[in-house]
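S.K.: below: sequence and its predicted model.
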Amino acid sequence: MDIQIATLCDFAADYNGKLVISGTFDTLVARAVPVVHPSCALALRMCFTPEDAGRHKLSINIIDEDGESLDPNNMPIEPEFEVQFPKNVPFLTRNIVMNLQGLRFQKMGIFSIDIGCDGEILVRLPLRVLQVTQGPNGENQMA
């Protein structure tokens, strides 16, 4: 099992097997906390080989620098899925788009989106949440 693409973005969709991604990002900026990002998507493209046939459990968790879940009541998200292979097929690819609504960050800092399968972390996407202040001439400055 291989994750070919993993990104946080403004919008993603599976269009007849093609993964459409718009607005990939790794930083959010705000003047104050809490920072609420109204809508974004986690886009994944996974590649499976015949050895991957069977049932699996995906795991998606957003954690802070201390390893604490962003939303302990709803994360990690752990959907189960089955991989089935027709005969003489060397590999399969699947796109997964997870729409995330109202992500709420209670503090500024570095976060990670951990993507795993069957108990093993496969990808860790970094996400910065930064404070921006207004400078003396009205320009934005990162705090």
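M.R.: The structure has been received and is ready for your questions.

S.K.: let me see the ranges of the strands in the protein.
M.R.: Per DSSP state E, the chain carries strands over the ranges 2-15, 18-24, 27-30, 35-48, 54-63, 80-83, 92-105, 109-117, 120-134, 140-142.

S.K.: need these in CSV with distance to Asn73, can you?
M.R.: (Glycine included, C-beta is placed from N, CA and C.) Conversion of the strands of the chain to CSV gives the following (distance: least, CB to CB, whole Å):
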stretch, distance to Asn73
strand 2-15, 21
strand 18-24, 28
strand 27-30, 21
strand 35-48, 16
strand 54-63, 12
strand 80-83, 20
strand 92-105, 12
strand 109-117, 17
strand 120-134, 20
strand 140-142, 31
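
S.K.: which strand residues bridge the residue positioned nearest the centre of the chain?
M.R.: Taking CA atoms, centre = their mean, the centroid of the chain lies closest to Leu42, which sits 4.0 Å from it. When bridges are called by DSSP bridges, Leu42 pairs up with Leu8, Met98.

S.K.: mind listing what it touches?
M.R.: Taking CB atoms under 8 Å, 6 or more residues apart in numbering, we find Leu42 in contact with Ala6, Thr7, Leu8, Cys9, Ala12, Ile60, Ile96, Val97, Met98, Leu100, Ile113, Ile115.

S.K.: where does this structure dip in pLDDT?
M.R.: Low-confidence segments of the chain, defined by pLDDT under 70: 135-143.

S.K.: so how far is Cys40 from Leu103?
M.R.: 7 Å (CB to CB, to the nearest Å).

S.K.: let me fix that: Thr7
M.R.: For Thr7, the distance to Cys40 - CB to CB - is 10 Å.

S.K.: cool, Ile121 as well?
M.R.: Noted for Ile121: a distance of 21 Å to Cys40, by CB to CB.

S.K.: ditto for Asp10
M.R.: 6 Å.

S.K.: mutual contacts of these two, please.
M.R.: Phe25.

S.K.: who has more neighbours out of the two?
M.R.: When Asp10 and Cys40 are compared for neighbours, Cys40 comes out ahead with 19 against 13, by other CB atoms under 10 Å.

S.K.: contacts only, for the more buried one.
M.R.: Counted by CB under 8 Å, 6+ apart, Cys40 has contacts Leu8, Cys9, Asp10, Phe25, Asn99, Leu100, Leu103.
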